[in-house]
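**Student:** quick one: sequence and predicted model below, then my questions.
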Amino acid sequence: MRSLPHTLEDQDTGYLRILCELWGFDLPQGSHRSVVDEITLSMLNRNTLDELLDSLPDAAKQTLAGIAQAGGRMALPDLIRDHGEFREMGAGKRDREQPWRRPASPVEVLWYRGLIGRAFADTPKGPQEFAYIPTDLLQMLSETLPDYSVPFLSPLTQDPKHAYLATSAAVDDATTLLAAMRRTPFPSFELSQKPGLTLERFLLIPGLHNLLLTILHEILIIEGPPWTPNPERARAFINAPRSQAIRDLLLAWKDSVIWNDLAALPHIVCNTDTWPNDPGLSRQGVLDLLKPLKPGLWWDLNDFVEMIRQTYPAFQRPGGDFESWYLQNQSGIFLHGIENWNMVDGALIRYVITGPLHWLGAVDLGQDSQSASKPSFRLTSVSALLYDPKAPVHVEEPDKAIAIHSDGRIIVPRGVNGAVRYQIARFSHWVSVESAKYEYRLTPSTLQLAREQGLSHQHIRTILEKTCESPLPRPVDLALTRWAERGTEAYIKQYWVLRVQSPDVLEMLRSKKSTNRYLIEILSPTIAIVQSSDWPKLQAAAARLGFLIDPPGSNE
């Protein structure tokens with residue numbers, strides 16, 4: 001911002017006369033520049049300044065301290081909203097109405113004493129008008145307003161009882177998604193539409209998949225729709241060290257132009273075609289607020305959000321506009337105005353910290369009790385990437401090997417290289433996932449799918465032998481050889497068993513076209529099997545023939 005002489009140079013003689021009256025000295029004589037220089041010398045006199053500050057109303061002192069705490073400047077709309085109105089008037093009206101004698105707010109008290117100026121400055125939101133303390137005056141205020149430059153948020157003195165440490169699990173989930181779409185391309189980003197697998201139960205971080213798919217698309221690792229991995233870029237990602245992979249994901253989220261963190265809030269609804277916020281501006285606004293916090297220290301999340309509400313409420317609002325965003329809650333109530341700040345802006349801060357930043361390794365979360373009333377957080381070493389993309393980051397990479405059991409199960413620890421699990425996931429049936437391991441099983445159908453994608457049984461055998469610390473179990477080796485020679489020899493399907501009391505009943509059901517179509521196979525004169533989805537149809541068709549059939553489970 002500007003110095004005191006440059007600030008006063010823009011003011012007319014009438015304003016300078018008012019200022020001198022309020023400071024208690026006469027308006028100097030001479031040219032405008034010489035008058036400004038002499039007033040500046042008087043205002044920057046230590047004793048004179050202290051006397052004026054002592055005479056200020058308490059509200060004006062608090063407002064001045066608030067601007068100083070904000071780094072010496074504050075967006076003018078924020079200042080007016082939080083500290084009272086500023087009546088715009090020309091020199092003639094000002095001299096007639098004499099507003100300095102009856103100031104409407106602390107803002108006017110400071111303005112007519114020359115303690116604050118007004119100027120436009122470029123910001124990520126575009127040009128914005130600020131109220132500022134002249135730089136030379138701000139330097140002197142640092143001695144009069146103790147600790148004004150120190151954020152009034154203090155770190156917690158004790159660690160939380162329960163800590164939820166950030167991990168690199170996002171890298172594992174990204175590998176899972178890439179393997180799944182390599183098997184079967186995704187028609188969309190909605191997991192419920194994926195054929196053949198309930199993918200969500202194989203992900204370590206619930207709720208992360210949409211964000212991961214979005215940023216994988218933005219950094220060109222996947223392409224579509226239908227969505228499938230780009231061979232070269234996907235290979236580079238899954239082969240990269242874990243620290244590089246988490247770096248790529250975190251920075252892709254930070255720089256995303258598609259992902260909107262505000263739109264991810266479940267309680268907010270936008271009924272217009274586009275969301276009113278700039279996603280990048282909103283995200284960067286939160287990151288700028290976090291930058292002064294020292295990594296490794298625990299901070300109270302509620303206190304942090306409240307501090308932002310009091311000091312930088314318009315961090316994502318160009319011009320401090322809290323009225324033009326047509327957002328609603330789930331009940332259809334509009335969330336207009338500063339009074340709904342916690343529902344919109346405060347909720348965004350909480351989501352970014354407890355969601356993406358935690359999921360992507362940059363923030364640990366804490367809790368003093370099992371309730372959610374005392375949340376806390378701390379920035380990890382990974383958070384340095386948000387402010388310096390070249391910052392050194394170390395993520396532990398455990399040296400673990402897969403285990404192959406004689407019954408065809410394959411256990412893959414989380415620490416295994418992503419490329420290994422990616423390949424195993426391509427030719428195996430997905431059984432389960434826990435926090436530390438994935439379980440797969442060799443089956444004819446998955447081996448056939450892999451063959452159709454260019455993986456031979458010999459290639460599969462080589463992958464298993466290279467990644468297993470012990471020799472391939474002989475039954476598994478024999479099974480692979482047998483499948484390569486004969487293909488699928490056995491499979492399991494689920495049916496309902498229909499039992500009747502006499503062969504005549506089953507014969508009657510077989511003789512009628514309306515019921516026979518649902519009998520898949522006859523196992524004996526009194527037993528047949530029915531497709532799981534067809535038993536209600538068989539039940540209805542038999543009833544139309546005058547024969548009642550109990551539904552499954554009725555005789556248990």
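**Tutor:** Looks like it came in fine.
**Student:** only C-alpha atoms from now on, for both contacts and neighbour counts.
**Tutor:** Fine.
**Student:** torsion angles phi and psi at C270?
**Tutor:** Dihedral pair for C270: phi -120, psi 120, per degrees, to the nearest 10.
**Student:** give me the nearest residue to it, chain neighbours excluded.
**Tutor:** L327 (5.1 Å; C-alpha to C-alpha, 6 or more residues apart in numbering).
**Student:** and if you look at P226?
**Tutor:** P187 (4.6 Å).
**Student:** ok, now how distant is the one you found from W227?
**Tutor:** Going from P187 to W227 by C-alpha to C-alpha, to the nearest Å gives 6 Å.
**Student:** one more: Q539?
**Tutor:** Noted for Q539: a distance of 42 Å to W227, by C-alpha to C-alpha.
**Student:** could you do Q244 as well?
**Tutor:** 24 Å.
**Student:** likewise S435?
**Tutor:** S435 is 27 Å from W227, by C-alpha to C-alpha.
**Student:** those two: which is more packed in?
**Tutor:** Neighbours were tallied for S435 and for W227 using other C-alpha atoms under 10 Å; the higher tally belongs to W227 (19 against 11).
**Student:** what about the residue found closest to that one once you drop the neighbours it is linked to in the chain, how many neighbours?
**Tutor:** In space, and not counting its chain neighbours, W227 is closest to F186: 4.8 Å by C-alpha to C-alpha, 6+ apart. Residues near F186, counting by other C-alpha under 10 Å, number 20.
**Student:** ok, F186 touching T228?
**Tutor:** Yes. Contact status for F186 versus T228: in contact at 6.8 Å, counting by C-alpha atoms under 8 Å.
**Student:** paired strands for the helix or strand where I411 lies, with orientation please.
**Tutor:** Using DSSP states H and E, the secondary-structure element containing I411 is strand 409-413. According to DSSP bridges, strand 409-413 forms sheet pairs with strand 403-404 (antiparallel), strand 437-441 (antiparallel).
**Student:** need the CA coordinates for the helix or strand following that strand. PDB is fine.
**Tutor:** As assigned by DSSP H and E, the chain's next helix or strand after strand 409-413 is helix 418-427. Extracted in PDB, the C-alpha atoms of helix 418-427 (Å, rounded to 0.1, in the frame of the first residue of the first chain):
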ATOM      1  CA  GLY A 418       1.400 -49.900  -7.500                       C
ATOM      2  CA  ALA A 419       2.300 -51.400 -10.800                       C
ATOM      3  CA  VAL A 420       2.300 -54.900  -9.300                       C
ATOM      4  CA  ARG A 421      -1.200 -54.600  -7.700                       C
ATOM      5  CA  TYR A 422      -2.500 -53.000 -10.900                       C
ATOM      6  CA  GLN A 423      -1.400 -56.100 -12.900                       C
ATOM      7  CA  ILE A 424      -2.700 -58.500 -10.300                       C
ATOM      8  CA  ALA A 425      -6.000 -56.700 -10.200                       C
ATOM      9  CA  ARG A 426      -6.400 -57.100 -13.900                       C
ATOM     10  CA  PHE A 427      -6.300 -61.000 -13.900                       C
END
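**Student:** got the angle for helix 418-427 vs strand 409-413?
**Tutor:** Calculated by axes from the mean of the first three to the mean of the last three C-alpha atoms, to 10 degrees, helix 418-427 forms an angle of 150 degrees with strand 409-413.
**Student:** tell me the helices and strands packed up against helix 418-427.
**Tutor:** helix 169-183, helix 231-239, helix 444-452, helix 457-467 (3 or more C-alpha pairs under 8 Å, 6 or more residues apart in numbering; DSSP states H and E).
**Student:** can you redo those helices as TSV with mean neighbour count, mean pLDDT and distance to E521?
**Tutor:** TSV is the format used below for those (neighbours: other C-alpha atoms under 10 Å; pLDDT from 0 to 100; distance: least, C-alpha to C-alpha, whole Å):
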stretch	mean neighbour count	mean pLDDT	distance to E521
helix 169-183	22	94	32
helix 231-239	16	96	45
helix 444-452	18	86	23
helix 457-467	15	85	34
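**Student:** neighbouring contacts of the strand holding I411?
**Tutor:** 400-404, 421, 436-442 (C-alpha atoms under 8 Å, 6 or more residues apart in numbering).
**Student:** from these, which would you call buried?
**Tutor:** Among these, those classed as buried by 16 or more other C-alpha atoms under 10 Å are A401, I402, A403, I404, R421, Y438, E439, Y440, R441, L442.
**Student:** checking I522 next. Helix, strand or coil?
**Tutor:** Secondary structure assignment for I522 (DSSP: H, G, I helix; E, B strand; the rest coil): strand.
**Student:** per the annotation, how does the protein divide into domains?
**Tutor:** 4-144, 155-397, 403-486, 495-544 (automatic domain parsing).
**Student:** could you give the mean pLDDT of the strand holding I411?
**Tutor:** Taken as a whole, strand 409-413 has a mean pLDDT of 92.
**Student:** before we move on, what about stretch 381-395?
**Tutor:** Stretch 381-395 comes out at a mean pLDDT of 94.
**Student:** buried ones in that stretch?
**Tutor:** Using 16+ other C-alpha under 10 Å as the test for burial, stretch 381-395 gives S381, V382, S383, A384, L385, L386, V395.
**Student:** the third one: what secondary structure?
**Tutor:** Right, S383. Classified using three-state DSSP, S383 is helix.
**Student:** W359 is in contact with that one, correct?
**Tutor:** No. Counting by C-alpha under 8 Å, S383 stays clear of W359, with 11.9 Å between them.
**Student:** CA atoms of the strand holding I411 as PDB?
**Tutor:** Extracted as PDB, the C-alpha positions of strand 409-413 are listed here (Å, rounded to 0.1, in the frame of the first residue of the first chain):
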ATOM      1  CA  ARG A 409      -5.800 -66.500  -2.900                       C
ATOM      2  CA  ILE A 410      -3.400 -63.600  -3.500                       C
ATOM      3  CA  ILE A 411      -2.700 -61.200  -0.600                       C
ATOM      4  CA  VAL A 412      -1.200 -57.900  -1.700                       C
ATOM      5  CA  PRO A 413       0.000 -55.600   1.200                       C
END
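**Student:** now stretch 327-344: buried residues?
**Tutor:** Buried, per 16+ other C-alpha under 10 Å, within stretch 327-344: L327, Q328, F334, L335, H336, I338, W341, N342, M343, V344.
**Student:** so which of those residues are in strands?
**Tutor:** Assignment to strands by DSSP state E places the following of the buried residues of stretch 327-344 there: L327, Q328.
**Student:** filter the buried residues of stretch 327-344 down to the ones in helices?
**Tutor:** W341 (DSSP state H).
**Student:** how about the buried residues of stretch 327-344 in TSV, adding pLDDT?
**Tutor:** Below are the buried residues of stretch 327-344 laid out as TSV (pLDDT from 0 to 100):
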residue	pLDDT
L327	95
Q328	94
F334	93
L335	93
H336	87
I338	87
W341	95
N342	95
M343	96
V344	97
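**Student:** make TSV from the buried residues of stretch 327-344 and add distance to D273 to it.
**Tutor:** Formatted as TSV, those follow (distance: C-alpha to C-alpha, whole Å):
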residue	distance to D273
L327	12
Q328	14
F334	16
L335	17
H336	18
I338	24
W341	23
N342	24
M343	21
V344	19
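**Student:** just name the closest of the buried residues of stretch 327-344 to L548, please.
**Tutor:** Of all the buried residues of stretch 327-344, L548 sits closest to Q328, with 53.0 Å by C-alpha to C-alpha.
**Student:** show me the contacts for the closest one.
**Tutor:** Counted by C-alpha under 8 Å, 6+ apart, Q328 has contacts I268, V269, C270, F334, L335.
**Student:** switch to 10 Å and redo it
**Tutor:** By C-alpha atoms under 10 Å, 6 or more residues apart in numbering, the contact list for Q328 reads H267, I268, V269, C270, N271, F334, L335, H336, M343, V344.
**Student:** if we can go back for a sec, for the residue nearest to C270, give me its contacts.
**Tutor:** Contacts of L327 by C-alpha under 10 Å, 6+ apart are I268, V269, C270, N271, T272, W275, P276, I333, F334, L335, H336, V344.
**Student:** how about stretch 116-130: buried residues?
**Tutor:** I116, G117, R118, Q128, E129, F130.
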